[in-house]
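Student: Quick one, what's the 3D model for this:
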Amino acid sequence: MNEDHLDIKTPEFVSIQFQIAGLGSRSAAFIIDQLLLMAFNILTLIVLFFVLDGMSKMEFIFIGNSLPIAITIIALFIVNGGYFFAYEFFSGGRTLGKKLMGIRVIQENGHSITLLSSFIRNLIRIIDSLPTAYFLGIIMIFFHSKHKRLGDLVAGTIVVHERKAKRKKKLSPIENELDSRGLSKDDLILDEWTLKSLGMRDWKLIKTYANRFLHIPLDERNQLTEQIAMILFPKIGMDASGKTTAELENNLLVLYLVLLDEWEFEL
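Tutor: The predicted model follows:
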């Protein structure tokens with residue numbers, strides 16, 4: 001079966017694509033969650049056994065054995081009934097099982113699941129589990145075009161795979177140099193008119209300077225820095241006189257960053 005995808009267009013007209021989680025990943029997540037709940041239930045019953053055993057050995061019993069049993073039943077009902085509802089809402093649509101499988105519940109519009117949506121989809125879980133062993137939910141997920149069970153249809157939700165974060169782009173040598181100097185384009189604010197006064201020839205000049213910056217001898221680089229500063233600085237209203245070579249270099253490299261946004265995609 002081909003991977004199914006969901007395209008969502010935001011109000012800003014940005015298209016976001018999600019991969020819809022299928023029966024396999026959803027079943028694995030559900031089994032993990034059920035094993036966790038089963039472990040909690042067994043541990044709770046063991047604790048109850050020791051509590052009742054301890055009470056039966058007490059010489060004076062002020063309360064009957066029915067109170068711990070009632071408290072345990074209520075606790076088990078709350079945990080087992082509210083586990084999916086609470087986890088999905090407070091953990092961004094992910095139970096522990098879903099986290100391990102890399103899937104999550106979202107609304108069909110791409111937004112995070114709401115309190116009402118989480119409540120509805122997990123309330124309908126009772127019906128999806130009929131007649132036994134989650135049979136109806138499995139059939140719905142397998143045959144539905146978006147792998148939805150009844151709870152998802154009613155609540156307007158969908159289960160998708162987590163979107164993997166994009167790898168950080170590897171920095172070029174000049175970008176590493178800029179980063180090591182703590183330089184950014186915000187260090188130089190130019191108005192639109194000044195930017196327009198710098199043409200293609202100016203961009204090629206500063207680009208060549210930046211590309212050769214780390215590869216030329218220091219003396220030649222200092223001389224080149226002063227020459228280019230004398231050419232470009234008057235065009236942006238900056239005075240090159242009285243500045244050290246390091247200051248001129250920093251200003252030219254920041255100017256390169258600013259013009260990079262303007263000219264990077266120009267032919």
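Student: Ile158 belongs to a helix, doesn't it?
Tutor: No: read with DSSP: H, G, I helix; E, B strand; the rest coil, Ile158 is strand and lies in no helix.
Student: quick one: contacts for it?
Tutor: Ile158 is in contact with 6, 18, 20, 105-108, 146-148, 152, counting by C-beta atoms under 8 Å, 6 or more residues apart in numbering. Where you see a C-beta, it was placed from the backbone N, CA and C, and this is true even at glycine.
Student: Drop anything exposed from these.
Tutor: Buried residues within the contacts of Ile158, counting neighbours by 16 or more other C-beta atoms under 10 Å: 18, 20, 105-107, 147-148, 152.
Student: got the CA positions of stretch 124-133 in CSV?
Tutor: Extracted in CSV, the C-alpha atoms of stretch 124-133 (Å, rounded to 0.1, in the frame of the first residue of the first chain):
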residue,chain,number,x,y,z
ILE,A,124,-16.3,6.9,20.9
ARG,A,125,-13.4,4.5,21.6
ILE,A,126,-16.0,2.4,23.5
ILE,A,127,-17.9,1.9,20.2
ASP,A,128,-14.7,1.3,18.2
SER,A,129,-13.8,-1.5,20.6
LEU,A,130,-17.0,-3.4,19.8
PRO,A,131,-17.8,-6.3,19.5
THR,A,132,-14.4,-7.4,20.9
ALA,A,133,-10.7,-6.8,20.6
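Student: who touches that stretch?
Tutor: The list of residues contacting stretch 124-133 from outside it, by C-beta under 8 Å, 6+ apart, reads 84, 134-137, 140, 149-151, 154-155.
Student: among the contacts of Ile158, which two are most distant?
Tutor: Maximum pairwise distance among the contacts of Ile158 (C-beta to C-beta): 15.5 Å, between Gln107 and His147.
Student: rewinding a little: from the buried ones among the contacts of Ile158, which ones fall inside strands?
Tutor: With strands taken from DSSP state E, the overlap with those comprises 18, 105-107.
Student: from those residues, which is closest to His215?
Tutor: Nearest member of those to His215, counting by C-beta to C-beta, is Phe18, at 44.6 Å.
Student: is it true that Val159 touches Val105?
Tutor: Yes: counting by C-beta atoms under 8 Å, Val159 touches Val105, with 5.4 Å between them.
Student: got any residues that touch both of the two?
Tutor: Lys98.
Student: So which elements touch the longest helix anywhere in the chain?
Tutor: What stands out as the longest helix in the chain, according to DSSP state H, is helix 23-56. Secondary-structure packing of helix 23-56 (3 or more C-beta pairs under 8 Å, 6 or more residues apart in numbering; DSSP states H and E): helix 66-90, helix 96-101, strand 103-107, helix 135-143.
Student: now what about the third one, what contacts it?
Tutor: Taking C-beta under 8 Å, 6+ apart as the criterion, the residues outside strand 103-107 that touch it are 18, 21, 25-26, 29, 88, 92-94, 98, 112-114, 117-118, 121, 156-162.
Student: Show me just the buried residues among those.
Tutor: Buried residues within these, counting neighbours by 16+ other C-beta under 10 Å: 18, 21, 25-26, 29, 88, 93-94, 98, 113, 117-118, 121, 156-162.
Student: Quick check, Cys44 in contact with Ile74.
Tutor: Quick fix: residue 44 is Thr, not Cys. No: under the criterion of C-beta under 8 Å, Thr44 makes no contact with Ile74, lying 11.2 Å away.
Student: and the two? which has more neighbours close in?
Tutor: Between Thr44 and Ile74, Thr44 has the larger neighbour count (other C-beta atoms under 10 Å), namely 15 against 10.
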